[in-house]
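In: Give me a model of this one.
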Amino acid sequence: MATELMNRPSSVLMVGCGTIGQGLIFLLLKHFELQPDQVSAIAADEAGRPIAESYGVQYANIPLTAANYKAVLAGRLKCGDWLINLSVEVSSLSLIEWCRDNGVLYLDTCIEPWSGGYRSRDNVEATTNYVLRDKALGLHVDGAPTAVVAHGANPGLVSHFVKAALNELAAINGIPAWESWGHLANRLDIKSLQVSERDTQDGPVAIARREFANTWSVDGFIAECSQCQEMGWGSHERLLPPAGRSHACGDQSGIYLERQGRELWVKSWVPSTGEQAALLIAHHEALSIAKLLTIPGRSSQTPIYRPTVYYAYHPSRLTQASLKQWQLCNYCPPEKKTILRDQLESGSDELGVLSVFPGGAYWYGSTLGLADARELAPHNNATSLQVVAGILGGLEWMRQNPARGVVEAESMDAEVVLEVAFPLLGKVAGVMSDWQPGNQGRLEFPAFQWNHCPKPASEESPQRRVQLETI
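Out: Modelled structure (predicted):
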């Protein structure tokens, strides 16, 4: 108990208070037994003010920029305090350096650049998560204040799911011990590992022209859809995909495609529906998980083993309708941005890791219903609570390990994180199937590509369709 008190901050600052920040406040105060006057939030808009102030949390509308962030943070945090970065277009690298130099502990859910950092006509590689991750890990200093990077649901929580899934597969296959996670994955003959998600949350909402709706962040999802696609690249792959490019720096665990996230659908699988079409979206965990599961070879270009890793996302019906509207408007910025939370009436979010091997696949993860999420924590839907669960687990590990420098999920103790997260995740389970992406028996990336455009989500709500069918 004395150690817990010693490692508890006197002040916590949230940078950004959108969907995730608003859903986090209640559980942050409860889990760490903080008083409202110990927590404050700064954001670039007024969206989070009503919920923050309802808990007695101080709120300030101050957009952070490269010019003002040092002065703004210096007046709010001191040595031993925490900074939780939930913003977009605020440089994670700048905040990590400032926190390191000022003795402040840090956590974010995504490594973000300053505004415009995801866009470059001249150097696409410089805008990739691979390069941002490499730069963030390059800020590590042994013994420095802990900076947990990329730790929400995905990236973050799913990396701990990977370890849990591999433990279960080891037990199923009678493997008692292994040299590393990569050696275990190799013995299991895992060729592809997807972070496989399906969001079915829905409600009686009509998407207007120039409107974009999403269950977690409109700006964040549009940024992901506009980034080039990335994946960890498996040692079994023979040829780079069309528009595929290797990196000129780092550990060579990943590749990028010179095409945007909204342009490529892949075959994936979740327990509720079986095979699904999913967008291949660039995410930090595709690279960090690939690195975790690599068995090094003589050079970084020739590993002995690595699976192909990427994020496969089937968005909600309303977000798919938004993508269609965005396309019809030639991908111009939407005039209206809608966060889907209180409007939702049904559905769930299935988020897990899908290990694919010859003859079958194993999905391990969380299935969280909308109603259950609302009962567990106010101001949340199923998607936001999965992210909040990952943040809380990451913060608990950070509290117990305050001087570990820059770390990502793969370097953390999964047991500590999952003990905090599990009660907030609904049903957490593993499901074995005989699913394969095709009947040719090959598990190289081309077998996973969806070779035709998936049928667009209906503009009608499920409730309306049922009424029409009944009539």
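
In: Just want the most central residue of the protein.
Out: Asn154 (2.3 Å; Cα atoms, centre = their mean).

In: So which bits of stretch 255-269 are buried?
Out: Ile255, Tyr256, Leu257, Gln260, Gly261, Arg262, Leu264, Trp265, Val266, Lys267, Ser268, Trp269 (16 or more other Cβ atoms under 10 Å). Where C-beta positions appear, they are placed from N, C-alpha and C, glycine not excepted.

In: how about the CA coordinates for it, as CSV?
Out: The C-alpha trace of stretch 255-269 is given here as CSV (Å, rounded to 0.1, in the frame of the first residue of the first chain):
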residue,chain,number,x,y,z
ILE,A,255,6.4,-2.8,-45.4
TYR,A,256,4.1,-0.1,-46.6
LEU,A,257,1.8,0.1,-49.7
GLU,A,258,1.6,3.3,-51.8
ARG,A,259,-2.2,3.1,-51.5
GLN,A,260,-4.5,4.5,-48.9
GLY,A,261,-6.3,2.6,-46.1
ARG,A,262,-9.7,3.1,-47.7
GLU,A,263,-8.7,1.3,-50.9
LEU,A,264,-8.0,-2.3,-49.9
TRP,A,265,-10.3,-4.9,-48.4
VAL,A,266,-9.0,-8.2,-47.1
LYS,A,267,-10.6,-11.5,-46.0
SER,A,268,-10.8,-11.8,-42.2
TRP,A,269,-12.8,-13.9,-39.7
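
In: mean confidence for that stretch?
Out: The predicted model gives stretch 255-269 an average pLDDT of 91.

In: With stretch 329-344 instead?
Out: Average pLDDT, stretch 329-344: 96.

In: so how far is it from its chain's centroid?
Out: 20 Å (Cα atoms, centre = their mean, to the nearest Å).

In: Over to stretch 231-246?
Out: Averaging C-alpha positions (Cα atoms, centre = their mean) puts stretch 231-246 22 Å from its chain's average.

In: Need the distance between the two termini of that stretch.
Out: Criterion Cα to Cα, to the nearest Å; first-to-last residue distance in stretch 231-246 is 11 Å.

In: what mean pLDDT does it have?
Out: Taken as a whole, stretch 231-246 carries a mean pLDDT of 94.

In: what sits against Leu443?
Out: Lys191, Ser192, His236, Val356, Phe357, Pro358, Gln436, Pro437 (Cβ atoms under 8 Å, 6 or more residues apart in numbering).

In: doesn't Thr308 make contact with the second one?
Out: Yes. Contact criterion Cβ atoms under 8 Å: Ser192 and Thr308 qualify, at 4.9 Å.

In: For the stretch 151-300 of the chain, just list every one of the strands.
Out: Under the criterion DSSP state E, counting those that start in this stretch, the stretch 151-300 of the chain carries strands at the ranges 192-199, 211-214, 228-232, 244-246, 254-260, 265-270, 274-281.

In: what stretches of this protein score poorly on pLDDT?
Out: By pLDDT under 70, the low-scoring segments of the chain are 1-6, 117-122, 440-441, 452-471.

In: any idea how it splits into domains?
Out: Structural domains annotated on the chain: 2-148, 157-381+426-470, as defined by automatic domain parsing.

In: These: which one's closest to Val407?
Out: domain 2-148 (5.8 Å; Cβ to Cβ).

In: My guess is Ala248 contacts Glu125. True?
Out: Yes. Using Cβ under 8 Å, Ala248 is in contact with Glu125, at 6.9 Å.

In: Those two: which is more packed in?
Out: For Ala248 versus Glu125, the count of surrounding residues by other Cβ atoms under 10 Å is larger for Glu125: 16 against 8.

In: Can you pull the phi/psi pair for Ile42?
Out: Per-residue torsions, Ile42: phi -120, psi 140 (degrees, to the nearest 10).

In: Could you find the closest non-adjacent residue to Asn68?
Out: Residue nearest to Asn68 in three dimensions, not counting chain neighbours: Ile62, with 7.7 Å by Cβ to Cβ, 6 or more residues apart in numbering.

In: and if you look at Thr200?
Out: Looking at Thr200 with Cβ to Cβ, 6+ apart, the closest residue is Gly347, at 4.0 Å.

In: re the thing from before, which one, of the domains of the chain, ends up nearest to Gly390?
Out: Gly390 sits nearest to domain 157-381+426-470 of all those, at 3.6 Å, using Cβ to Cβ.
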